[in-house]
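S.K.: quick one, what's the 3D model for this:
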Amino acid sequence: MTNKLEILPNEIFLNIFLYFSWDEVLISFWSLNKRINNLICSIFEKNKNGIIFNKPGLSYKKNCKILLPLIFNSLSLCSSIKYIHFDGINSICFNLIYQDIFSHNDKSILCFPNLKLLYITRCLLSQSLIQTLSFLIQYQLNELTLTFDEVFYETFSSGYDLSSSRSDHGN
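M.R.: Below is the predicted model of the structure:
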């Protein structure tokens, strides 16, 4: 009798994956075999099952040293990711991860050819982020959600008269 994890049916694996976060699934199960890799890709092909950066317990080091190289070294995994969520609560980590993702080996934007949903919270708008977002909106994304922190809004509005801006530019 063979006692191998790989002989379990696909449905069992999919149920097991539900108990793990996206990063734990990749670290624990990616590269076991081609079948498991395909199952993992099938999870990421669903719109709301994607990559969530800056979730509790996910360090910058883990992202950059383990997860991003694992993702970028697999075309099938990069192609299956449709949803990415960035949380800019730690702006230094956010900026570095963002640079790694959207400027990886100067293949700007092409790392995730099927990316459809991008959700960015508590972000600072830099020129490079605006350029990247405009490209993504024009050619790739179905949905973009930007959420700004109240502190960011207060800082921004204190140095800029929003009422005159609204009247000059309209909606």
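
S.K.: where does the residue nearest the centre of the chain sit: helix, strand or coil?
M.R.: Centroid check for the chain by C-alpha atoms, centre = their mean gives Ile84 as the closest residue, at 2.6 Å. With DSSP: H, G, I helix; E, B strand; the rest coil as the basis, Ile84 sits in strand.

S.K.: surely it meets Asn49?
M.R.: No. Using C-beta atoms under 8 Å, Ile84 is not in contact with Asn49, being 11.3 Å away. Glycine gets a C-beta too; all of them are placed from N, C-alpha and C.

S.K.: follow-up on the earlier one: list the contacts of the residue nearest to the centre of the chain.
M.R.: 50-53, 101, 112, 115, 117-119 (C-beta atoms under 8 Å, 6 or more residues apart in numbering).

S.K.: count of neighbours near the closest residue to Asp87 other than its chain neighbours?
M.R.: The spatially closest residue to Asp87, leaving aside those adjacent along the chain, is Asn54, at 3.9 Å (C-beta to C-beta, 6 or more residues apart in numbering). By other C-beta atoms under 10 Å, the residues close to Asn54 number 19.

S.K.: what ranges does this protein have for its helices?
M.R.: 10-17, 22-29, 34-44, 60-62, 68-72, 75-80, 91-102, 127-139, 150-158, 162-169 (DSSP state H).

S.K.: for Thr147, give its distance to Cys64.
M.R.: In this view, Thr147 and Cys64 are 24 Å apart by C-beta to C-beta, to the nearest Å.

S.K.: hmm, I was thinking of Leu77
M.R.: 17 Å.

S.K.: and those two? which has more neighbours close in?
M.R.: Remark: of Leu77 and Cys64, Leu77 carries more neighbours, 18 against 14, as counted by other C-beta under 10 Å.

S.K.: okay, now the unreliable bits of this structure?
M.R.: Scanning the chain with the threshold set as pLDDT under 70 gives 1-3, 47, 90-100, 103-110, 149-171.

S.K.: give me the number of residues near Ile66?
M.R.: Ile66 has 14 neighbours, counted by other C-beta under 10 Å.

S.K.: next up, the contacts around it.
M.R.: Residues in contact with Ile66, defined by C-beta under 8 Å, 6+ apart, are Ile27.

S.K.: switch to 10 Å and redo it
M.R.: Counting by C-beta atoms under 10 Å, 6 or more residues apart in numbering, Ile66 touches 23, 26-27, 59.
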